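Asker: Give me a model of this one.
(4 chains)
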Amino acid sequence: MKPLNRLQMAWRVGQDIEDGMVVNLGLGMPVGVSDYVPQDFDVVVQSENGIIGVGPLASANAADSDLVDAGSRKVTLRAGATIIDSAASFAMIRGGHIDVTILGAFEVASNGDLANWDNRIPDKGPLVGGAMDLAASAQAVWVMMEHNTRKGGPRLLEACTLPLTAVRCVKRVYTDIAVLSVMPQGFLVHEILPGISRVELQRRTGAPLAFAPDCKDLITPDIALPEA
Amino acid sequence: MKPLNRLQMAWRVGQDIEDGMVVNLGLGMPVGVSDYVPQDFDVVVQSENGIIGVGPLASANAADSDLVDAGSRKVTLRAGATIIDSAASFAMIRGGHIDVTILGAFEVASNGDLANWDNRIPDKGPLVGGAMDLAASAQAVWVMMEHNTRKGGPRLLEACTLPLTAVRCVKRVYTDIAVLSVMPQGFLVHEILPGISRVELQRRTGAPLAFAPDCKDLITPDIALPEA
Amino acid sequence: MAIEKRRATAAEAVAGIGDGATVMLSGFAGAGFANQLVAALLDLGPRNLTLVVNSATHRLSNTHELIAAGMVRKVICSAARGHDKSALSAFEVLYKEGKIELEVLPQGTFVESIRAAGAGIPAYFTPTAFGTDLAAGKEVRNFDGRDYVLEKSIPGDAALIRADVADRWGNLTFHHAQMNFGPAMATASKLVVAEVRAFSDTPIPPEQVMLSGVFVDRIFVAGA
Amino acid sequence: MAIEKRRATAAEAVAGIGDGATVMLSGFAGAGFANQLVAALLDLGPRNLTLVVNSATHRLSNTHELIAAGMVRKVICSAARGHDKSALSAFEVLYKEGKIELEVLPQGTFVESIRAAGAGIPAYFTPTAFGTDLAAGKEVRNFDGRDYVLEKSIPGDAALIRADVADRWGNLTFHHAQMNFGPAMATASKLVVAEVRAFSDTPIPPEQVMLSGVFVDRIFVAGA
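Answerer: Modelled structure (predicted):
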C-alpha cells in the first residue's frame, strides 16, 4: 500500500479533532486538516494573526486582502467568529487556550522535543513566526510530517539534531506511514500502514518504538492530490 | 482672605489643564476639576474602570448603572469616548499614557513622595484601589489637599509619616492657601493666598520652602459650596 | 452537535465549583457584578474559597454574603473596605478577628496579574508599589534607572462574570463599564461562567464581540 | 481649539522621525501595512533606524525599500526571510554581508514585548523559546515546576500603523485582520501615526472604537 499523501494525512488527523475544540493549524499540510473536520462540528480554528474562527478559503470574488490567515491565505469567517489583535491572539495561545495545534516538523525526539524552524538556509535569515509560542503552550501539540527525509533518514529521533522549537511538547505524530504518540517512555505506535512491518517501521525510525496493544492498520480513503 | 473652598481649589487646578490632555481625576475633590475645564477644550478624562472620555454626571432619568466612573458616580460619555476593560485601562495608566493625574493626599514629602492611602483605620481593611498605579506612572502627579490637617499639623513634610503610595512622584501641590511645585531641591511656592505671609506659610509647612521669583497671589473667583 | 453553553439555571451554571477553589468575581463601582451566579454559589456552599474580587465589601455586590457564610478562606483584592463609614462588613468582622486571609494589591497589579495568568505569563515587573508597604518582601530590580517590583500571576479555578449579550459560541458583549475585570478574569480561569442579560440566537457580529467565546464555558441568561 | 490630528500629506504625518529612531511598522500576512507612510519615511530619509516589524521581507510591504536605501541599522522581527525561495531580499543581502543587525523573536514574544512597553512593564517571563537557541543568553527561572525565559519590553520612538476609519480624536477601527500589530505598537511608541482608509466627521461610536485615540497622534487619510 502506498504511503499516505498529504491530503490523506490531513484526513487522518481530522478524525481526531473533537467537537468544540479550539485548534491552530500550521502553514503547509496542517491547514488542510480543516477540510476533514465534520461540517456539523463547532471547531474554532484560531489563526495567530487574530482570527478566531477561520472559515473556508474565500472565493475569488469574495476575497478581501484584509481577511487573511497567518499564512496569507484569503479566507472567510465562520459563524461565531471574531478578530482580535496580535497581542491578544498570542495571549490566547501562550495562556493555554488552544486545545490543539497541528504543526509541520523537521524532527521530533522521543522526549517530545520539536524542531520545526530552521535558521540554517544559506544566506537567508531565520524565520520563526509563531511556532515557538504554539509549541510551548498549546494544550496538545500534534505533528504532521513525512516519516523520513527525502534521503531516507529518520525524522523521529532520540534527540533532535536541528534547532529546537520547544522542548518536551509533542503529544502525537502523524506520518505518511504511522500514527504515534509520545509517552514518558518514548514513542508508542498506534497505527501502521498496511504492508509495513513493525521491523520495517523501526528501521525507518531513529528511536526505539513501542507498540500499543491495540495497534492497528492505518487506513484512509483514497484522496487524490489536485493536479499540479 | 478665606482659604479656598474645595470648588475654588478645583477651579484653580482647572486653570492648569491644557487642551488635548488626558487626565485622570481621583475620588473626592479631584473629580470636581472637570467642571472648570473650558468647554471647548478636548480634554479626555480617563477613569480607571475603563472609561476613556468621561462626560458630565448623568441626569436622573438618563442614569445607567453600568455607566459609572471609578467612584461609582453615574456619568455620561463625551464625544469621542470609548470604553475598555480594566486590564487595558491600567495598561494605559502604567504605560505612561495619562498626562496628569490629580489626586487627593494625606501627605506629600519634599522629594515628591506621596501618601494618600491608609491601612490604619481601626478594624478596617486597607483600601488602595488604583492610586499606586496612577501615582507611579502618570506623566505628572498633581495633588489637591488642605494645606494642614484638622489639628493644624503640616501635610507638606520632609518625609511622609504615613504609608507611601509612590515615591518621588508628585510634581505640583494645590492647597487651600498655596500652589507649589516639587523641585529637585524641594518645595517651590508659586502662589500664596493674599493675607498669608511667607513666614506664616513656612510655619504651616513641615519642610523648607523656596519662593519662585514670580511668586504671586493665589486668586480665584468666589464659588459658593452647594447647600449641605 | 452544536456547541450549547447555556445552562437553564444559575445552580447548573456554577455546578462543580468545589472546596478550596479560587473564584474570580467581576464587578467594580457598581457595574458588572454577576450577582445571580454569586447567589447560586452561596447555595452550592463550597468551603475554603479564595476570592479574587476588586472589593471585599462593595454594597452592590453580594460577595460579602459568601464571606458572612464562612465559605471564604482568603480574599485577594484592591479594596478591603468600602469608602463609607458604615458598620463593619462581614469581611471586616472576620478580618478584625484574624479569621480571614487578605492580600491587597494595587488595582492595576491586581488586574495585570489576572491578565498575566490568562496570557501564560507567570511573573512580570511593574513600577507600581515600589517603595511602599505593598512591595514588602517582593523582589525588586532596576531596569534603565527605574525600580520595579516582581509580581506573580493570579490564576483562577472559576470566574463568575457579568456581561450583556451572549451567543451560543459564548461570545460576549459588555454594556458600558460593566466590562471591567470580566475579560481578564475569563482568560485566567479554568471554568468561566457568564451571567448575561440576553441571549442572541444569531451569532454576535465579529466586530461587535468584546470577549471571544473561546474563553467562556457556560452561559446563564439572567435578564436585566 | 478642537483636537486636529489629521495631516494633509504623508510627509507631514511622518515629519520629525529622526536618525537613530526605533520605528515600528504594523502589518502581517499581507494585511495592515501602512505603505504610504513607509514611502514617506523613505523620502524623509532618516538613517540608522531600528525597525520593529514582524517580517523583514514581506513582499506586500515596502519595508525592504527602507532597508535597501541603507536607512536601517537593525531589524527586530519574527521572520527575517520570506516563505518563498526567490532571490535574496535587500535584508538578506545586507545580512549576508554582516551589514545589518538582526534580533529574531518568537512572534508571541515580539508582540508581548511591544505590548509590555506600552503597558509600563519592563520585563516579563514567558515559557516561549525555553530550551531553544532564541533563549540563548537570557535569564531563565522556574515557576511552579515549569521553566520560563525573561524577556524585555520593546519601546518605540514612532509607530506607523494602518487602520480603517479614524475620527478627530484619533480613535480607530480596523478592518478584519488588518489590526494585527497596530494596537500594541501604538501603545508602545512616542509618536503614533495612523494611515487610514477614511475619516469620520462624527465620532466613532464608543462600542465600535478598536483603539482609543489616546494612543494616536497623527492621522493620514490615504484612501482604500
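Asker: Any part of the host helix or strand of residue C:190 near chain A?
Answerer: Using DSSP states H and E, residue C:190 sits in strand C:189-199. No - counting by Cβ under 8 Å from any Cβ of the partner chain, chain A has no neighbours in strand C:189-199; the shortest distance is 9.7 Å. To be clear about C-beta, it is placed using only N, CA and C from the backbone, and glycine gets the same treatment.
Asker: Is that strand positioned near chain B?
Answerer: No - if you take Cβ under 8 Å from any Cβ as the test, strand C:189-199 misses chain B, and the best it gets is 9.8 Å.
Asker: Spell out which helix or strand contains the closest residue in space to residue C:127 that isn't next to it in sequence, please.
Answerer: Nearest residue to residue C:127, sequence neighbours excluded (Cβ to Cβ, 6 or more residues apart in numbering or on different chains): residue B:136, at 4.6 Å. Applying DSSP H and E as the criterion places residue B:136 in helix B:131-137.
Asker: list the buried ones in that helix?
Answerer: Buried residues in helix B:131-137, counted by 16 or more other Cβ atoms under 10 Å in any protein chain shown: B:131-137.
Asker: Pipe these into CSV and attach pLDDT and distance to residue C:177 per row.
Answerer: Output for those, formatted as CSV (pLDDT from 0 to 100; distance: Cβ to Cβ, whole Å):
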residue, pLDDT, distance to residue C:177
B:131, 96, 19
B:132, 97, 21
B:133, 98, 17
B:134, 98, 17
B:135, 98, 22
B:136, 98, 23
B:137, 98, 21
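Asker: Please identify which of those residues is nearest to chain D.
Answerer: residue B:137 (5.3 Å; Cβ to the nearest Cβ).
Asker: Which parts of chain C are helices?
Answerer: C:10-14, C:35-44, C:63-68, C:90-96, C:107-118, C:182-188 (DSSP state H).
Asker: same for the fifth one, what does it pack against?
Answerer: Translated: helix C:107-118. With contacts taken as 3 or more Cβ pairs under 8 Å, 6 or more residues apart in numbering or on different chains; DSSP states H and E, helix C:107-118 sits against helix B:86-94, helix B:131-137, strand C:123-126, strand C:146-152, helix C:182-188.
Asker: starting at the chain centroid, how far to it?
Answerer: Between the centre of helix C:107-118 and the centre of its chain there are 10 Å (Cα atoms, centre = their mean, to the nearest Å).
Asker: distance of the most far-flung residue of chain C relative to its centre from residue C:127?
Answerer: The outermost residue of chain C, judged against the average C-alpha position, is residue C:145 (34.5 Å), by Cα atoms, centre = their mean. Relative to residue C:127, residue C:145 is positioned 12 Å away (Cβ to Cβ, to the nearest Å).
Asker: Could you list every helix and strand in contact with the lowest-mean-pLDDT helix or strand in chain C?
Answerer: Of the helices and strands making up chain C, the lowest-confidence element is helix C:90-96, at a mean of 87, by mean pLDDT, DSSP states H and E. Helices and strands in packing contact with helix C:90-96 are listed as helix C:63-68; criterion 3+ Cβ pairs under 8 Å, 6+ apart.
Asker: Tell me which residues of the helix it packs on come out buried.
Answerer: Applying 16+ other Cβ under 10 Å to helix C:63-68 flags C:63-64, C:66-68 as buried.
Asker: Measure how buried residue A:162 is and give me the count.
Answerer: 17 (other Cβ atoms under 10 Å in any protein chain shown).
Asker: what about stretch A:50-68, near chain B?
Answerer: No - Stretch A:50-68 does not reach chain B (Cβ under 8 Å from any Cβ); its nearest approach is 15.7 Å.
Asker: ok, and for that stretch, which residues are buried?
Answerer: By 16+ other Cβ under 10 Å, the buried positions in stretch A:50-68 come out as A:50-54, A:57-58, A:65-68.
Asker: now do the same end-to-end measure for that stretch.
Answerer: 10 Å (Cα to Cα, to the nearest Å).
Asker: Does chain C have contacts with that stretch?
Answerer: Yes - part of stretch A:50-68 sits near chain C under the criterion Cβ under 8 Å from any Cβ, namely A:52-53.
Asker: Chain neighbours aside, what residue packs nearest to residue A:7?
Answerer: residue A:223 (4.3 Å).
Asker: Distance-wise, check the nearest residue to residue C:10 once chain neighbours are set aside relative to residue C:32.
Answerer: Distances taken as Cβ to Cβ, 6+ apart place residue C:40 nearest to residue C:10, at 3.6 Å, with adjacent residues excluded. Distance, residue C:40 to residue C:32, by Cβ to Cβ: 17 Å.
Asker: now residue A:24, nearest residue through space, not along the chain?
Answerer: Take residue A:24 and drop its neighbours on the chain: the residue closest to it by Cβ to Cβ, 6+ apart is residue A:101, 4.3 Å away.
Asker: show me the contacts for the one you found.
Answerer: Taking Cβ atoms under 8 Å, 6 or more residues apart in numbering or on different chains as the criterion, residue A:101 is in contact with A:23-26, A:93, A:134-135, A:138, A:140-142.
Asker: now do 6 Å
Answerer: A:24, A:134, A:138, A:141 (Cβ atoms under 6 Å, 6 or more residues apart in numbering or on different chains).
Asker: most surrounded residue in those residues?
Answerer: Highest neighbour count within the contacts of residue A:101, by other Cβ under 10 Å: residue A:134, with 32 neighbours.
Asker: who does residue A:156 bridge with?
Answerer: On the basis of DSSP bridges, residue A:156 is bridged to residue A:108.
Asker: about what we covered before: adding secondary structure and pLDDT, write the buried residues of stretch A:50-68 out as JSON lines.
Answerer: Output for the buried residues of stretch A:50-68, formatted as JSON lines (DSSP: H, G, I helix; E, B strand; the rest coil; pLDDT from 0 to 100):
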{"residue": "A:50", "secondary structure": "coil", "pLDDT": "98"}
{"residue": "A:51", "secondary structure": "strand", "pLDDT": "98"}
{"residue": "A:52", "secondary structure": "strand", "pLDDT": "98"}
{"residue": "A:53", "secondary structure": "strand", "pLDDT": "97"}
{"residue": "A:54", "secondary structure": "strand", "pLDDT": "96"}
{"residue": "A:57", "secondary structure": "strand", "pLDDT": "94"}
{"residue": "A:58", "secondary structure": "coil", "pLDDT": "96"}
{"residue": "A:65", "secondary structure": "coil", "pLDDT": "94"}
{"residue": "A:66", "secondary structure": "coil", "pLDDT": "96"}
{"residue": "A:67", "secondary structure": "coil", "pLDDT": "97"}
{"residue": "A:68", "secondary structure": "strand", "pLDDT": "96"}
